[in-house]
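Colleague: test case, fold it:
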Amino acid sequence: MKARIVEHLGQSAIILPALVREGLAANDRAKVRMAALQAAVQHAHNPASAPADLSAECRAAGVDAMSTQSLVGDARTSADGTVVVPGLAELTSALEGDIRAMIRAVEANDASASKIAADRLSAIKKQFPVSNKIEAGQVAKMIAVPSGDADSLHRLIMDLHKTLNRLAASCAEEVAAGAHAHGLGPDDRPRPSVSTRA
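Modeller: Take a look at the predicted model:
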């Protein structure tokens with residue numbers, strides 16, 4: 001019986017609300033990781049100043065606050081002018097995972113839109129560092145929102161976030177006859193009772 005219901009409604013429609021929640025949570029994590037990357041570069045160039053404290057943002061997004069603070073506080077510039085960030089490779093890998101979680105949520109509703117987003121990510125990944133060293137200009141490219149048709153990691157995340165917000169609104173939970181439901185149409189809701197009194 002359950003299998004027939006899922007087949008009738010479509011598996012994507014069933015799992016979409018959960019995927020959207022996961023995608024929105026991934027968006028929160030991605031924002032914290034980008035902020036940590038920016039803070040690490042700033043601290044590397046100004047080591048005498050206290051590193052930015054992102055612990056509250058980390059806790060709210062479910063990101064490990066201690067490792068994030070270590071990443072920011074341990075950043076330094078090297079002799080060749082690049083920024084050395086211990087744990088940078090792990091951070092960018094986690095950031096990619098966050099974006100892919102957002103893309104999976106979009107894919108459940110629109111496969112073509114998710115393909116475009118995945119292709120954008122593949123192109124943008126060329127900007128990612130392959131070690132714990134990165135140039136400040138490389139970070140600026142990743143976190144900037146460029147003008148015109150230029151793309152960036154930040155722009156991709158923003159675009160996915162907008163799509164997820166629209167999906168969240170379309171699959172908002174409602175209560176019908178005491179049951180929690182998603183994606184109800186006009187014919188699925190109980191009709192208002194009509195009084196027969198004169």
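Colleague: which secondary structure elements does the helix or strand harbouring D98 sit against?
Modeller: For D98, the element it lies in under DSSP states H and E is helix 88-107. Counting contacts by 3 or more C-beta pairs under 8 Å, 6 or more residues apart in numbering; DSSP states H and E, helix 88-107 is packed against helix 11-45, helix 111-124, helix 153-170. The C-beta positions use only the backbone N, C-alpha and C, and glycine is treated the same way.
Colleague: where does the protein have low pLDDT?
Modeller: 1-14, 172-198 (pLDDT under 70).
Colleague: the helix holding D98 vs helix 11-45, what angle?
Modeller: Counting by axes from the mean of the first three to the mean of the last three C-alpha atoms, to 10 degrees, helix 88-107 lies at 150 degrees to helix 11-45.
Colleague: CA atoms only: put helix 88-107 into CSV for me.
Modeller: Output of helix 88-107 as CSV, limited to C-alpha atoms (Å, rounded to 0.1, in the frame of the first residue of the first chain):
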residue,chain,number,x,y,z
LEU,A,88,41.9,24.8,4.7
ALA,A,89,41.5,21.6,2.5
GLU,A,90,39.0,20.2,5.0
LEU,A,91,37.1,23.4,5.1
THR,A,92,36.7,23.7,1.3
SER,A,93,35.8,20.0,1.1
ALA,A,94,33.0,20.6,3.7
LEU,A,95,32.0,23.7,1.8
GLU,A,96,31.6,21.7,-1.4
GLY,A,97,29.6,19.1,0.5
ASP,A,98,27.2,21.8,1.8
ILE,A,99,26.7,23.1,-1.8
ARG,A,100,26.0,19.6,-3.1
ALA,A,101,23.4,19.1,-0.4
MET,A,102,21.7,22.3,-1.6
ILE,A,103,21.9,21.0,-5.2
ARG,A,104,20.3,17.7,-4.2
ALA,A,105,17.3,19.5,-2.8
VAL,A,106,16.9,21.5,-6.0
GLU,A,107,17.3,18.2,-8.0
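Colleague: that older thread, wait, which of the helices and strands packed on helix 88-107 is closest to C58?
Modeller: With respect to C58, and counting by C-beta to C-beta, the nearest of these is helix 11-45 at 5.7 Å.
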